Every structure is written in C-alpha cells, then in structure tokens.
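> the following comprises the amino acid sequence and a computationally predicted model.
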Amino acid sequence: MALIELEDVRRSFTVRTRTGRLRREKREVHAVDGLTFDIEAGACVGYIGPNGAGKSTTIKMLTGILVPSSGQLRVAGVDPARERTALARRIGVVFGQRTTLWWDLPLRDSYELARRIYRIPDARYRANLDRCVELLELGGLLDTPVRQLSLGQRMRGDLAAALLHDPQVLYLDEPTIGLDVVSKGRVREFLRQVNREQGTTVLLTTHDLVDIEQLCDRVMVIDHGRLVHDGDLAGLHAVGMSERTLVVDLAEARPPIEVAGARVVKVDGPRQWLAFPAQQSAAPVVAAVAERYPLVDLSVREPAIEDVIAKMYARVAIG
Ligand SMILES: Nc1ncnc2c1ncn2[C@@H]1O[C@H](COP(=O)(O)OP(=O)(O)OP(=O)(O)O)[C@@H](O)[C@H]1O
C-alpha cells in the first residue's frame, strides 16, 4: 500500500530581483517541477539532491506547510494542506538544524506537552516514552533543560518527541548533521529499529551518503525540482561511476603504492589517497594495502552527493 503518493506535483515561487537602481524584475522559480512517485508503507527512502534542488519544498508540501501550485498529493490517506490536523497525528518531523523542543524546559516537559497536544492515551505514552528513553539512552537527561544538552543529546531528544504519538511517517531533515561519529551511529541504529521493528515509514533528507547506505533501500535524487534517479544506492554509484577514497598514513613516505582495485590519486608525504569504486566494499583494498605496506592509520571518505550527481550528468551527456 502506498503511504505517500505524488502525481505531477509542482510548486513555483515568484521572486523579485533587482536589475537596476529602480528596476525590479519578476521571475518564476520552479522549485518542484512535476514530481510523481509513490512510497510504500514501511519503506525507508533517502531523498537527496544538491542545494536548492527542491527537497525542503517537497517536505513542506508533504507536511502541509506549503500548498502545491498544481498536482495531487496524499500522505497516509489525507491531503496534507487541507487536513493538517488529521495529518499531524500521522506524521513526525525532525529537523537537524532546528529543535521542536522547548528550549528552557526540561526534556520531560516537552514530552508532556506532546502528550497533551496529540492526546496520547496514558498507557501508550508511557510505553513509547520508556522505549525511546531506553533505546536513545535519555534516562539521565529527562530533567535537563534543552539548552544545556549537547547537539547529539538534543537530537536524540528530538527523535523521541517526534515518535511519542506513533506516527505512520517520519520525515527527517539532516538528522545527523554536525554529530560526532558515535552520536551518528546511535541515531542511525535507533532509526533502523524504528523503521524495521515499528514499521514506521521514513523519508530521509541528508548530505551524508553513509546515512543512506546504512538505512535506506531506496534513494531518490532530485535536481532542479525533478526526479533524476530512483533506485538503490549501488545503482546511483554505478550510474555516476562514483568513487570512495581510502586515505592511508604509511609508516614512511613512498612513491605511489600499487594496490589491485584502487589507484593513487594524491600523495602528501607518508599520506596517500586511493580511489576505488563506491559500490565496492573498502575491505579488500584495506587488506591489500595492509598486507604489503606498514600502516599507521587509515580512513574511508564517501563521495559528496554533489560529486555523485555531477558525475551522473557527465555520464548521461557522454552516453
Ligand atoms: N519561499 C520561497 N520563496 C522564493 N523562492 C523559494 C522559496 N522557497 C524555496 N525557494 C527556491 O526554490 C528552490 C528550491 O529550494 P529548496 O529549499 O526546496 O531546496 P533544497 O533542495 O531544500 O535546498 P537545501 O539543500 O539548500 O536546503 C531554490 O531555488 C529556492 O531558492
């Protein structure tokens, strides 16, 4: 069953730009330009694209904040802009850059407010809160005012707030932005549980391809308001021929090393950068380097979403 349905959805904005000292010109920006897609109940879908591609505009229409200029849109059986109250009970929203929690209140009070706003029955509220507190390790933080929480703690607090009313759909906008590696891991693990065990449908906007790799079985790429890819991440990497980079710190400076399946793209003293196809595991390349050269440290860098999309276009232009 499709839980989110879009049929030729468009949204334009009229912007006025200055063209001279006194002259202003009206221009139409097609932020979303004919989107058609379905998302099945229980799916976890990545929604990515370069800056200004139309992601936020899409999410705003899906949450009923913006009305489409034209087209049909349904979320969990309702028209978002017309039935905002009914929709609010069925969706949860988390913005990585903003909080929905009350800044000066302890976490516990924000949750209590959510309980009243959504009229969550007591037993359900208690069960959901207990589960979130346990999985997100919020136990010691419930009485702390939100402004005193670290970014990672606040994000975990926001996730719990978005899920107390058992939404069918969870929209996440950059949920791991600015978090350290450990906090990112915790947030991803929690989201995986929410999606796989609770069956919550997740739509995730992110600039971090690792979020997509670890959580989503489908990724949609939007650019200039249009869908330019809909498939799995490996498919996206394959179309874009994108590459990940293994950065190795050798015990000593050397000329470019030779490793099967990867090529050295940069050398700086004992540090070398090796590119390899993004859809392949880093493990064989790491093993091949470690077998032949003494290593001090290593890390893997994901391609930037902008690069993947640029390569995808270059490929289409050549092909
Ligand atoms: N309220 C508005 N008024 C005028 N133009 C707008 C408005 N909202 C968005 N736009 C324009 O619509 C286009 C799409 O913007 P949108 O915020 O949806 O992109 P995005 O993919 O979310 O970008 P980012 O990754 O930077 O958040 C951009 O050209 C933007 O300038």
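Looks like it arrived, so ask away.
> can we go C-alpha only for contacts and neighbour counts from here?
Noted.
> need the nearest residue in space to whichever residue of the stretch 151-300 of the chain sits closest to the ligand, chain neighbours excluded.
The nearest approach of the stretch 151-300 of the chain to the ligand comes at Gly225, 7.0 Å away (Cα to the nearest ligand atom). In this structure, Gly225 finds its nearest non-sequential neighbour in Val32, 3.9 Å apart by Cα to Cα, 6 or more residues apart in numbering.
> my read: the one you found touches Arg11, true?
Yes: Val32 is within contact range of Arg11, at 5.0 Å (criterion: Cα atoms under 8 Å).
> shared neighbours, the two?
Thr57 (Cα atoms under 8 Å, 6 or more residues apart in numbering).
> sorry, back to before: what number of residues lie near the residue of the stretch 151-300 of the chain closest to the ligand?
25 (other Cα atoms under 10 Å).
> for this structure, which helix or strand comes out least confident on mean pLDDT?
When each helix and strand of the chain is scored by mean pLDDT, DSSP states H and E, helix 305-318 comes last, with a mean of 66.
> and the strand or helix carrying Glu28, what's buried?
According to DSSP states H and E, Glu28 maps onto strand 24-40. Judged by neighbour count (16 or more other Cα atoms under 10 Å), strand 24-40 contains these buried residues: 30-36, 39.
> please enumerate residues in contact with the following helix or strand past it?
Next along the chain after strand 24-40, taking DSSP H and E as the criterion, comes strand 44-48. If you take Cα under 8 Å, 6+ apart as the criterion, strand 44-48 is touched by 39, 55, 195, 201-207, 212, 215-222, 305.
> what's the following helix or strand after strand 44-48?
Next along the chain after strand 44-48, with elements defined by DSSP H and E, is helix 55-62.
> ok, then the element right after that following helix?
Next helix or strand after helix 55-62 toward the C-terminus (DSSP H and E): strand 70-75.
> and that next one, average pLDDT?
For strand 70-75, the mean pLDDT works out to 96.
> cool, and stretch 41-53?
So the average pLDDT for stretch 41-53 ends up being 92.
> that stretch and the ligand, are they touching?
Yes: against the ligand, stretch 41-53 shows contacts by Cα under 6 Å from any ligand atom at 50-53.
> the closest residue to Ser299 other than its chain neighbours pairs with what?
Closest residue in space to Ser299, ignoring its immediate chain neighbours: Val247 at 5.3 Å, by Cα to Cα, 6+ apart. With DSSP bridges as the criterion, Val247 is bridged to Trp273, Ser299.
> is it true that Val247 touches Trp273?
Yes: taking contacts as Cα under 8 Å, Val247 lies within contact range of Trp273: 4.6 Å.
> which elements pack onto the helix ranked longest in the chain?
Assignment by DSSP state H gives helix 181-196 as the longest helix of the chain. Applying 3 or more Cα pairs under 8 Å, 6 or more residues apart in numbering; DSSP states H and E, one finds that helix 181-196 contacts helix 151-163, helix 209-215.
> please redo it, this time with the cut-off set to 6 Å
Taking 3 or more Cα pairs under 6 Å, 6 or more residues apart in numbering; DSSP states H and E as contact, there are no helices or strands that helix 181-196 lies on.
> neighbouring contacts of that helix?
With contact meaning Cα atoms under 6 Å, 6 or more residues apart in numbering, helix 181-196 is reached by 152, 176.
> report the distance from that helix to the chain centre.
Relative to its chain's centre, helix 181-196 lies at 12 Å (Cα atoms, centre = their mean, to the nearest Å).
> check which residues of that helix are buried.
183-184, 186-188, 190-192, 194-195.
> then stretch 81-97?
Buried residues in stretch 81-97, counted by 16+ other Cα under 10 Å: 81, 87-96.
> so which of the residues you listed are in strands?
Within the buried residues of stretch 81-97, residues falling in strands by DSSP state E are 91-95.
> which of the three states applies to Ile257?
Look at Ile257: counting by DSSP: H, G, I helix; E, B strand; the rest coil, its state is coil.
> who are the neighbours in contact with it?
Per Cα under 6 Å, 6+ apart, neighbours of Ile257: none.
> check it and give its pLDDT.
94.
> what values do phi and psi take at it?
When read as degrees, to the nearest 10, the backbone of Ile257 gives phi -80, psi 160.
> and the nearest residue to Asp223 once chain neighbours are set aside, how many neighbours?
Excluding its sequence neighbours, the residue lying closest to Asp223 (Cα to Cα, 6+ apart) is Ala53, at 4.5 Å. The burial count assigned to Ala53 is 20, neighbours taken as other Cα under 10 Å.
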